[in-house]
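J.: What follows is a predicted structure for the sequence shown.
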Amino acid sequence: MDSRYIVKTALTGVLAFSMILPVQALAHDEIGDVNIEKGERANYENVVAPVMEGSKNLKFLKEVAAPEMEIVREDGKQNSFADVYAHKGYAYVGTHVQNNGNGGVRVFDLKDPANPEEIAVFANDDIPGTWQEKVIVKSISTPEFKGDLAVVSVQQLDKNNPDSKGGFLLYDVTNPETPKKLGFWEVSKKTRGTHELYLTTQGNRAVVVAANPYADYFSHGEEKDFQIVDVTDPTNPETLWQFDPRTLPEVSDDFNGYHWESPDGKTRPLFNHSTMVDETGKYAYVSMWDLGTVMFDISNPEKPEYLGRTDFASDQQGSAHSATLAKGGTILIETREVYNPVREGYEEAYGYTRIFDIKDKSNPKLLSEFKTELTYDIPEENNVTFAKTVHDPKVRGNTLYLSHYAGGVVAVDITNPSDPTEIARYTPEESDVWGVFVDRNYILASDIGSGLKVLQSNGNKQKDQSVPQS
């Protein structure tokens, strides 16, 4: 491997290990190479995973709440859970596909973080045959709307279902107890829908950046995987721009709407999995799988400017899954969801985290790669999903939090981004942690099987209390 690739492997010594039976997710492989959905769940036996003894206290974290997610559906069936977000002391938990989806977004009042109170469910009966994984909530002020706006991803369970459609919903959650539907943006029926998204403001304007995996492929180029949508008037969202990877010289005609003949001579998958925007609303970071994290200046959202992208060593599976920022936006953290560690022509490794200096976005510089040893054994014949790969990153100050499925939440000191060091880990029983989010004085996690977890600092030993980048 190129000498630029600095590997930091860190082990935490604070855990005791015992047998548990986590519930894994069966992947849906839509095209034949990459899985982006976690699917229905099934129990597997003989699985060993790390768990905390007793109170699950870490060096500076403790679990203060794991509320039982009460069934709210009329049919009495429970959904599985997806990502988590927080805004103004309320947690928003997306839902997954178990029991045919349509679980919507669950809202919790965190006034007392040790006793979260579920106060509302929304986006659960708008479009049949869909699931609502991702929710972003921001305070916006535009000529058409002033208040707290929620955008919710909508994905089809079956794109051949004539009653379903994909895209994203917009809700007024100024009063989180009574969410009000405002509008819907629809992407091509030929694709599953919008997978991950992000909401940002630019003065008195609001825009959503949307990841619509395989839209280019399934619509034969009519719609693209990355689109920017004006939601200044949430009742009337308007598409402003979409990205064609063929505009990049290293891609050009070597792209057929999904597979890309990359410069290293390998045929690699290329699609948009996730999007995010920095706190200024100026820069977008788009996780384009084996094209890396692609960076745009979107200060003019009708005419974004391509700035640069991360790349990979020839023996690395790309799998740029999601990203976040640190150090005032000068550091990019990129997580790679590699669920299959054995692939001919590539290193044998599950997904791990990469950290870049992006002060010059036209030339990202790799500072380090963070690998953590999740010391549990899943029989290879059963290890067909995501148990051992990293998933999503969030940052507060100098601490990076990684959701890690069966590994729970891993906390990493990135004071020196060239030398990341694992400092703590939280692993609930039957861990299958999808999302992590930092808000106020608590850390939130969402477990696919059991839902919301609330963690807090133990005796204010957490050394950084700056505003998180989400």
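T.: Great, that's in hand. Numbers count the residues shown, from 1 in each chain.
J.: residue contacts, the residue lying closest to Gly101 once chain neighbours are set aside?
T.: Spatial nearest neighbour of Gly101, excluding adjacent residues (CB to CB, 6 or more residues apart in numbering): Trp131 at 3.7 Å. C-beta coordinates here come from the backbone N, C-alpha and C atoms, glycine included. Counting by CB atoms under 8 Å, 6 or more residues apart in numbering, Trp131 makes contact with Asn79, Ala82, Thr95, His96, Val97, Gly101, Asn102, Gly103, Val154, Gln155, Leu157.
J.: do that again at 7 Å, thanks
T.: Thr95, His96, Val97, Gly101, Gly103, Gln155, Leu157 (CB atoms under 7 Å, 6 or more residues apart in numbering).
J.: can you map out the strands along the stretch 251-400 of the chain?
T.: 259-261, 267-269, 274-277, 283-287, 293-297, 305-309, 320-326, 331-336, 353-357, 365-372, 393-396, 399-403 (DSSP state E, counting those that start in this stretch).
J.: The longest one - contacts with which helices or strands?
T.: It refers to strand 365-372. Strand 365-372 is packed against strand 7-10, strand 353-357, with contacts defined by 3 or more CB pairs under 7 Å, 6 or more residues apart in numbering; DSSP states H and E.
J.: Lowest average confidence across the ones you listed, which one?
T.: Here the helices and strands packed on strand 365-372 differ in mean pLDDT, and the lowest is strand 7-10 at a mean of 31.
J.: export the contacts of Trp131 to TSV and tack on pLDDT?
T.: Formatted as TSV, the contacts of Trp131 follow (pLDDT from 0 to 100):
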residue	pLDDT
Thr95	96
His96	94
Val97	92
Gly101	93
Gly103	96
Gln155	96
Leu157	94
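J.: Let me know the closest of those to Thr191.
T.: Gln155 (9.0 Å; CB to CB).
J.: and the closest residue to the closest one other than its chain neighbours, how far is that from Met276?
T.: Of all residues not flanking Gln155 in the chain, Gly193 sits nearest, at 3.9 Å (CB to CB, 6+ apart). According to CB to CB, to the nearest Å, Gly193 stands 18 Å off from Met276.
J.: Same drill for the two, tell me which one is more crowded.
T.: Gly193 (27 against 23; other CB atoms under 10 Å).
J.: State the pLDDT value of that one.
T.: On pLDDT, Gly193 comes in at 96.
J.: residues contacting it?
T.: Gly193 neighbours (CB under 7 Å, 6+ apart): Ser153, Val154, Gln155, Gln156, Gly166, Gly167, Val187, Asn212.
J.: And Lys181, how close does it get to Asn124?
T.: In terms of CB to CB, Lys181 sits 11 Å off from Asn124.
J.: for the contacts of Gly193, which one is nearest Thr280?
T.: Checking these against Thr280 with CB to CB, the nearest one is Ser153 at 23.5 Å.
J.: Beta-bridge partners for the closest one, please?
T.: Counting by DSSP bridges, Ser153 forms beta bridges with Phe168.
J.: Run a quick check on it versus Glu133, I expect a contact.
T.: Yes - with contact defined as CB atoms under 7 Å, Ser153 reaches Glu133; the gap is 5.3 Å.
J.: hmm, back to that, okay, and the beta partners of the residue nearest to Gly101?
T.: Note on Trp131: beta-bridge partners Gln155, judged by DSSP bridges.
J.: next one: Tyr285
T.: With DSSP bridges as the criterion, Tyr285 is bridged to Met276, Met295.
J.: State the number of residues packed around it.
T.: Count around Tyr285 with other CB under 10 Å applied: 28.
J.: Next: Gly351.
T.: 23.
J.: now Ser314
T.: With other CB under 10 Å as criterion, Ser314 counts 15.
J.: Run through the residues that contact it.
T.: The contact partners of Ser314, taken as CB under 7 Å, 6+ apart, are Asp264.
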